[in-house]
Structure formats: C-alpha cells, structure tokens
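1. A predicted structure for the sequence below; I have some questions about it.
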Amino acid sequence: MDVTRFALVLAFACSGSKTTPKTAHEDARAGSAQPIDAAIKIDPNAKADVQVRVEWKDVPADARAVPGRTPCGTARPPSVAPTTTWGIPDVLVAIEANAASSQHATRLTFGDCVLAPRIAVATRSLAIASAAQSPAKLTIQRAGQLPLGGAIKEDKARDVYLPIAGHEVEVALDAGAIYRIAAGDETAWIVAAESPFVAVTEAAGTVVFRDVPAGTHAVTAWLPPRSGQPARVAKGSVTVATSGFIELTLDITKQ
C-alpha cells in the first residue's frame, strides 16, 4: 500500500470514531451520575434577608365573612382578611435555622369583647391587660408544641382575672409551647419561642427575617383555627447560599 493510500484510510478511520460531546441533559438521559443542575455552592459565612409571603387563593366566602357580633355589639373579625392579591395576614411563620436567642416582649389586650393581637410570639412570659369597663375572666391553655402544624392537644385551662380597666397580669410560658387564650367566644394564639425566625405575617401577608444563616432551612406557615375555620399549614424550604435578599411564597390554599 503506497503512502498516499495509507493516509486516506487512516483519516477515514479516525473520522468514523469521532464522537460529539453530549450536553448535560443528554448525559442525564443516558444515566450519567452528573446532575442536570450543578450542586449549589453555599458560602458558609453567608447571611440573607428572607421575605416569606403567605397566600390563600380564592378564599371562600365563609372564611372572609364577619361571623356575627360580640356581646359588646361589635363585629367579630373574620377568619381571614386577604389582600386583593390573596396575601394572608396573621399567619405564624417559622424558619428552622439556628440563631442566638431573641426576646419577644408581647402584650395581649382584652377590650370591647375582642382580644388583640389575634396571634403573637412571646418569649418566656406574656402580659395580659384589660381595656374593658367591667371585670373579665380569660382562660389560657397549652394547645401544642413547636414545630408548627402538629395536632392540637389542649392541657387544662388556667383562669386569668382582670378586675378593672388598666389591670395587667403576667403569665409564665413554657419554651416552645403554643397557647390558646380565650375570652368567651374570642380567641388568640401565643407561641413561646426565642428564635428570631418565628414571626407573624403583616397586613400584606408577608414577613421579613433578617440575617438568616447559610444552608437549606425548612419553612412552615400556620394559620390557627378561628371563627369556625380549621387550621391550615403550608411547608417549604429556603436555601441561603450567598448574602442578599430571598423571596419565598407559601400557598395555604390546600389544607
């Protein structure tokens, strides 16, 4: 075989064995161990502000309706008061991330047959004050334990007496406990938590947590039972890989 013919045969053989590199998607379909998306690299020193928005789309009329009037003649608040874009206020949100203890000084007020706020976070004690013109009797009972979304198991209720307007009582709380406070048919919920990553959504249905540390953290939203409506829970997660601002939306439409 002459040199020219040998060169042509060799070139043909090489071109026949040549392969085109596969894309990541092709490798994944072929069973390659390489994932389609590379693993997120987390900066262990990262801290981010995380905004959690809670939505309930197409809230039914009975949940938005005013459920009658109180003995004081005032309108009872509805179970939920969604924004025009379905944001839900008064929802407890917790991010399961380690952090230094934070103090939540909370004061619950009873007046005009209404407890306010309807839900709050406290640390180891709760101040209950009267704005009523007549003596009032409230009850407080432990109804669950963190994390959020567990079954409600109420302990024996304790009575709290408020003899006159301006009178205030301080009640000790157990760490991690969820409490139900009742005054007649009106209820409020208190969560005893020292974490800065437990808070309540504001009027727009959002809450912002500052300096959430690096890592992937579970997030839970809990709307407690009220005004004849059952509790609702939504779960998600957030990954803090770099410092910055992160937005997360949780949908509690489905129970």
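-> Structure's in. What do you need?

2. for residue 189, give its distance to residue 122.
-> Here the distance between residue 189 and residue 122 works out to 11 Å (Cβ to Cβ, to the nearest Å). For glycine as for every other residue, the C-beta is placed from the backbone atoms N, C-alpha and C.

3. correction: residue 92
-> Using Cβ to Cβ, one obtains 12 Å as the distance from residue 92 to residue 122.

4. are we agreed that residue 63 is in a helix?
-> Yes. Checked against DSSP: H, G, I helix; E, B strand; the rest coil, residue 63 lies within a helix.

5. just give the closest residue to it, not the sequence neighbours.
-> Closest residue to residue 63 apart from its sequence neighbours, by Cβ to Cβ, 6 or more residues apart in numbering: residue 79 at 4.6 Å.

6. and residue 139, by the same measure?
-> Spatial nearest neighbour of residue 139, chain neighbours left out: residue 157 (4.1 Å); criterion: Cβ to Cβ, 6+ apart.

7. residues near the one you found, how many?
-> By the measure other Cβ atoms under 10 Å, the count of residues near residue 157 is 15.

8. begin at 450, not 1, for the rest of this chat.
-> All right, first residue 450 from here; so that's residue 606.

9. wait, what's in contact with it?
-> Contact partners of residue 606, counting by Cβ atoms under 8 Å, 6 or more residues apart in numbering, are 588, 589, 590, 631.

10. about what we covered before: neighbour count: residue 638 and residue 571, which is higher?
-> A direct count of neighbours by other Cβ under 10 Å for residue 638 and residue 571 places residue 638 higher, at 25 against 22.

11. which neighbours does whichever strand or helix holds the more buried one have in its sheet, and in what orientation?
-> Mapping residue 638 onto the secondary structure by DSSP states H and E places it in strand 635-641. In its sheet, strand 635-641 lies beside strand 568-571 (parallel), strand 626-632 (antiparallel), with partners assigned from DSSP bridges.

12. ok, residues contacting the first one?
-> So that's strand 568-571. Applying Cβ under 8 Å, 6+ apart, the contact partners of strand 568-571 are 539-541, 553-555, 557, 622, 637-642, 647-649, 673.

13. which stretches of the protein form helices?
-> Counting by DSSP state H, residue ranges of the helices within the chain are 452-466, 473-478, 510-513.

14. and those helices, which one averages the lowest pLDDT?
-> Among these, helix 473-478 has the lowest mean pLDDT, at a mean of 34.

15. what's the burial count for the closest residue to residue 515 other than its chain neighbours?
-> Of all residues beyond its chain neighbours, the one nearest residue 515 is residue 524 (5.0 Å), with distances taken as Cβ to Cβ, 6+ apart. Burial measure for residue 524: 11 neighbouring residues, criterion other Cβ under 10 Å.

16. wait, residue 524 sits on residue 562?
-> No. With contact defined as Cβ atoms under 8 Å, residue 524 does not count as touching residue 562 (10.5 Å).

17. just to revisit the earlier point, of the contacts of residue 606, which is the most crowded?
-> Going through the contacts of residue 606 with other Cβ under 10 Å as the criterion, the one with the most neighbours is residue 589, at 22 neighbours.

18. who does residue 564 form a beta bridge with?
-> Using DSSP bridges, the beta-bridge partners of residue 564 come out as residue 559.

19. which residues touch it?
-> Applying Cβ under 8 Å, 6+ apart to residue 564 gives the contacts 557, 558, 587, 630, 632, 635, 636, 637.

20. among those residues, which two are most distant?
-> Taking every pair in the contacts of residue 564 and measuring Cβ to Cβ, the maximum separation is 14.2 Å, between 558 and 636.

21. are any of the contacts of strand 568-571 buried, and which?
-> The neighbour-count criterion (16 or more other Cβ atoms under 10 Å) marks 539-541, 553, 555, 557, 622, 637-642, 647-649, 673 among the contacts of strand 568-571 as buried.
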